[in-house]
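> Could you look at this predicted model? Sequence included:
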Amino acid sequence: MIRVLLGDDHRIVREGLKQVMADAPEIQVCTEAVNGEEVLQQVARLGGPAGLDVVLLDIAMPGRDGLDVLQTLRKQWPALPVLMLSTYPESQYAVRSIRLGAAGYLNKSADPDDMIAAVRKVASGGRYVTPATAEALASAVGGSARGGPEALSHREHQVFRLLTMGHSVSEIGAQLQLAPNTVSTYRARILEKTGTKNDVELALYAERLARPGPSGPAV
């Protein structure tokens, strides 16, 4: 039996994922969480890998985002595989997720059979890498991503994501518990590293990154 924790703040997504997993009799969704802190609490309650085999973790959650939670899970429960879920393309988050210790990166629009295959793969100790993720990793290794989102620090990337979602500096500061001046400093660094001049150009930059890449089964 593969015991799974679903961490996503949208109930409709969790219900959809549970329906997908129900097609695999050996996979059991044993608990759910709606934010980062609850994910950590549920993992601790179940004793990490003693009570779980895989954590399915959304990147964009309220409070502590999925990448923050991933780092904590890797420190506290290094033997517990974490499969990152997102609506964002591999070019934006796959490399960052893998570098932070994720066992794989899965787009929420993936085929149900691929989702099941991903859970099975990481539960067995493997890594789940789609062609799009492999291309993003190759680009990062080759250095072509140095001027893109991979040039951003983790905190800069958090601010980048919230800026492109239309949040104001004060809203970002409240969500990340940062002073507005600090957020403004991060914003200036992000504009410099992405070669953009303002929030409109930054949003267009993020839109270009979001264009679909190659798809297909994992390797």
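Arrived safely.
> contacts and neighbour counts: CA atoms only from here.
Noted.
> now stretch 173-186, how far from the centre of its chain.
21 Å (CA atoms, centre = their mean, to the nearest Å).
> Can you give me the first-to-last residue distance of that stretch?
For stretch 173-186, the first-to-last residue distance is 11 Å (CA to CA, to the nearest Å).
> which of the residues in it are buried?
173, 176, 180, 183-184, 186 (16 or more other CA atoms under 10 Å).
> what mean pLDDT does that stretch have?
Averaged across stretch 173-186, the pLDDT comes to 90.
> go on, stretch 197-206?
Mean predicted confidence for stretch 197-206 is 86.
> For that stretch, which outside residues touch it?
With contact meaning CA atoms under 8 Å, 6 or more residues apart in numbering, stretch 197-206 is reached by 163-164, 191, 194, 196.
> got any ranges where the chain has weak pLDDT?
91, 139-149, 210-219 (pLDDT under 70).
> 90 - rerun?
In the predicted model, the chain carries pLDDT under 90 at residues 60-65, 86-100, 107-110, 129-158, 160-162, 164-167, 174-178, 192-196, 199-219.
> before we move on, the earlier item: now, which of the buried residues of stretch 173-186 sits nearest A134?
Proximity of those to A134 (CA to CA) peaks at Y186, which lies at 29.0 Å.
> And what about the closest one, helix, strand or coil?
Using DSSP: H, G, I helix; E, B strand; the rest coil, the structure places Y186 in helix.
> go on, Y105?
strand.
> Enumerate every residue touching the spatially most central residue of the chain.
Nearest to the geometric centre of the chain sits I59, at 3.4 Å (CA atoms, centre = their mean). Counting by CA under 8 Å, 6+ apart, I59 makes contact with 65-67, 84-86.
> Going C-terminal from the strand or helix carrying G16, what's the next secondary structure element?
Here G16 sits within helix 11-21, counting by DSSP states H and E. Once the chain leaves helix 11-21, the next helix or strand it forms, by DSSP H and E, is strand 27-33.
> Strand partners (parallel or antiparallel) of that following strand?
Using DSSP bridges, strand 27-33 pairs in its sheet with strand 2-7 (parallel).
> tell me the angle of the strand it pairs with relative to helix 11-21?
Counting by axes from the mean of the first three to the mean of the last three CA atoms, to 10 degrees, strand 2-7 points 170 degrees away from the direction of helix 11-21.
> Residues contacting strand 2-7, please?
Applying CA under 8 Å, 6+ apart, the set of residues contacting strand 2-7 is 14, 26-36, 39, 51-58, 120, 123.
> mind listing the helices for the protein?
Assigned by DSSP state H, the chain shows helices spanning 11-21, 36-45, 66-76, 90-99, 112-123, 131-142, 154-164, 169-176, 180-194, 199-209.
> which residues sit against the longest one?
Contacts with helix 180-194, where a contact means CA under 8 Å, 6+ apart, come from 147-149, 151-152, 155-156, 159-160, 169-170, 172-173, 197-198, 202, 205.
> and M1, which of the helices of the chain is closest to it?
Taking CA to CA, helix 112-123 is the member of those nearest to M1, at 10.0 Å.
> how close does the closest residue in space to L178 that isn't next to it in sequence sit to L162?
Using CA to CA, 6 or more residues apart in numbering and skipping the chain neighbours, the partner closest in space to L178 is I172 (7.7 Å). Per CA to CA, I172 is found 7 Å from L162.
> More neighbours: which of those two?
Remark: of I172 and L162, I172 carries more neighbours, 22 against 18, as counted by other CA atoms under 10 Å.
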